[in-house]
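**Q** coordinates only, sequence not included:
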């Protein structure tokens, strides 16, 4: 009895197993992979200013070295070192006593010469009438005429001497030739100074406004001209004279300057030339000799395509690539030709066109040919041309050479 029951149980179990196997074979196995999700940036034309960042040094707008024009002993110093002075302010006082004496001497000599003139002139006038009647000899007349000319010449001489003495007396007060900031004094009270001595008593510098001399490579200049000639860069007229400045610590200077001129000579040892700019400096933030970086606008690219840098990668050969989503929702690979860098974006010269959807997020999860699902871009990671921000200026960090036909 027990054996019969056991046999029936085994038979039922076998039938159930066969039924389950048959049911499983009749239904196909599902093995679907999830569609990768990516975020894209839609390419479009943008108007972008082209700028070049150049190193430079500041220098004073005006520099005046204060030197004495007469010799003497310094009696007073009438300024505070490091202060601002105005043109005409008295800086030093030289002992005026010998020059005042020379002035008085010249004044006395001039008075004596002028006192003798009337008598000599009257004598000449009398001889002039008498010589016609032969009342006096021709020699006496000529002597009287010579005496008159001598007296008039003496007056002119002493007038000049008086003026010279007056000028020298004025030079005993050494004044500031320009308005600016004066440095340290190289002499003290009691020092003997001489006229036109080689060493300056002090130096005055005008630093508002202030010059910035930047150096630019002649090769960069030629490359920019080639791009302008080819139409890749458009000139901006008066805007090209506007210059911005970065201080030594990278802080932007909050006042724009202007480009004054570019040197006509290239330095043979460096292959560069000088660009001189002028910046207002009302708060004296800029001091002579500071290292700065200037941002000079060269023109504008009217139709630039900018792609975020995280959307660009390189193959083993170093060629730049990008992945786009085509009209069918599949990934396609594009070879790129990159131009200048702008912040966290590349200016693409070739390889992309308006309307292309460049993958910015999710590149690691896809490969060419696979379908993808587009999701909104995480603006916390990248703006991807969807933030609505106006692009900043292009910097001259990767300007490609101009193509020649």
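**A** It's in. No experiment lies behind these values; they were computed from the predicted model shown.
**Q** and the strand or helix carrying residue 259, what's its mean pLDDT?
**A** If you go by DSSP states H and E, residue 259 is part of strand 257-262. Across strand 257-262, pLDDT averages out at 84.
**Q** and the next helix or strand after that strand, which residues are buried?
**A** With elements assigned by DSSP H and E, the helix or strand that comes after strand 257-262 is strand 272-279. Neighbour counts using 16 or more other Cβ atoms under 10 Å place 272-275, 277, 279 of strand 272-279 among the buried residues. From N, CA and C alone the C-beta is placed, and that goes for glycine too.
**Q** kindly report the same for stretch 127-140.
**A** Applying 16+ other Cβ under 10 Å to stretch 127-140 flags 127, 131, 136 as buried.
**Q** ok, stretch 361-377 next?
**A** For stretch 361-377, using 16+ other Cβ under 10 Å, the buried residues are 361-363, 366, 372, 377.
**Q** adding distance to residue 59, write those residues out as TSV.
**A** Output for these, formatted as TSV (distance: Cβ to Cβ, whole Å):
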residue	distance to residue 59
361	49
362	53
363	49
366	56
372	58
377	48
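**Q** now, which of the residues you listed sits nearest residue 44?
**A** Nearest to residue 44 among these: residue 377, at 14.6 Å, using Cβ to Cβ.
**Q** so that closest one, which of the three states?
**A** coil (DSSP: H, G, I helix; E, B strand; the rest coil).
**Q** find me whatever residue is spatially closest to it, sequence neighbours aside.
**A** Among residues not flanking residue 377 along the chain, residue 39 sits closest, at 4.1 Å (Cβ to Cβ, 6 or more residues apart in numbering).
**Q** residues touching the one you found, list them.
**A** Taking Cβ atoms under 8 Å, 6 or more residues apart in numbering, we find residue 39 in contact with 359-362, 374-378, 384.
**Q** how close does it get to residue 369?
**A** In this structure, residue 39 and residue 369 are 19 Å apart, going by Cβ to Cβ, to the nearest Å.
**Q** same deal with residue 129?
**A** On the measure of Cβ to Cβ, residue 129 and residue 369 end up 128 Å apart.
**Q** cool, residue 342 as well?
**A** Taken as Cβ to Cβ, the span from residue 342 to residue 369 is 31 Å.
**Q** the stretch 251-400 of the chain: strands as residue ranges?
**A** 257-262, 272-279, 291-308, 313-314, 320-325, 331-335, 337-342, 345-350, 357-361, 373-374 (DSSP state E, counting those that start in this stretch).
**Q** list the contacts of stretch 245-263.
**A** Under Cβ under 8 Å, 6+ apart, the answer for stretch 245-263 is 53, 212, 216, 240-244, 273-282, 285-286, 290-296.
**Q** drop anything exposed from those.
**A** Judged by 16+ other Cβ under 10 Å, buried ones among the contacts of stretch 245-263: 212, 216, 240, 242-244, 273-275, 277, 279, 281, 285-286, 292-296.
**Q** so residue 89 makes contact with residue 177?
**A** No. Assessed by Cβ atoms under 8 Å, residue 89 is found out of contact with residue 177, at 10.1 Å.
**Q** how about the helix or strand the residue nearest to residue 377 falls within: buried residues?
**A** In the assignment (DSSP H and E), residue 39 maps to strand 37-42. For strand 37-42, burial by neighbour count (16+ other Cβ under 10 Å) applies to 38-41.
**Q** dump those residues into CSV; add distance to residue 320 and pLDDT as well.
**A** Output for these, formatted as CSV (distance: Cβ to Cβ, whole Å; pLDDT from 0 to 100):
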residue, distance to residue 320, pLDDT
38, 19, 90
39, 20, 91
40, 18, 92
41, 16, 90
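**Q** the residues you listed into TSV, with extra columns for distance to residue 208?
**A** Converted to TSV, these look like this (distance: Cβ to Cβ, whole Å):
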residue	distance to residue 208
38	55
39	50
40	51
41	45
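**Q** closest one of these to residue 303?
**A** Once Cβ to Cβ is applied, the member of the buried residues of strand 37-42 that ends up nearest residue 303 is residue 41, at 17.0 Å.
**Q** wait, doesn't the closest one sit right on residue 307?
**A** Yes. Between residue 41 and residue 307 there is a contact under Cβ under 8 Å: 6.8 Å.
**Q** any common contacting residues for these two?
**A** residue 358.
**Q** for the chain, which segments count as helices?
**A** Using DSSP state H, the helices of the chain run over residues 2-26, 97-132, 138-171, 218-230.
**Q** residues of the third one that come out buried?
**A** Spelled out, that is helix 138-171. For helix 138-171, by 16+ other Cβ under 10 Å, it's 141, 144-145, 147-148, 151, 154-155, 158, 161-162, 165-166, 168-169, 171.
**Q** from the chain's centroid, how far away is that helix?
**A** Chain-centre distance of helix 138-171: 59 Å, with Cα atoms, centre = their mean, to the nearest Å.
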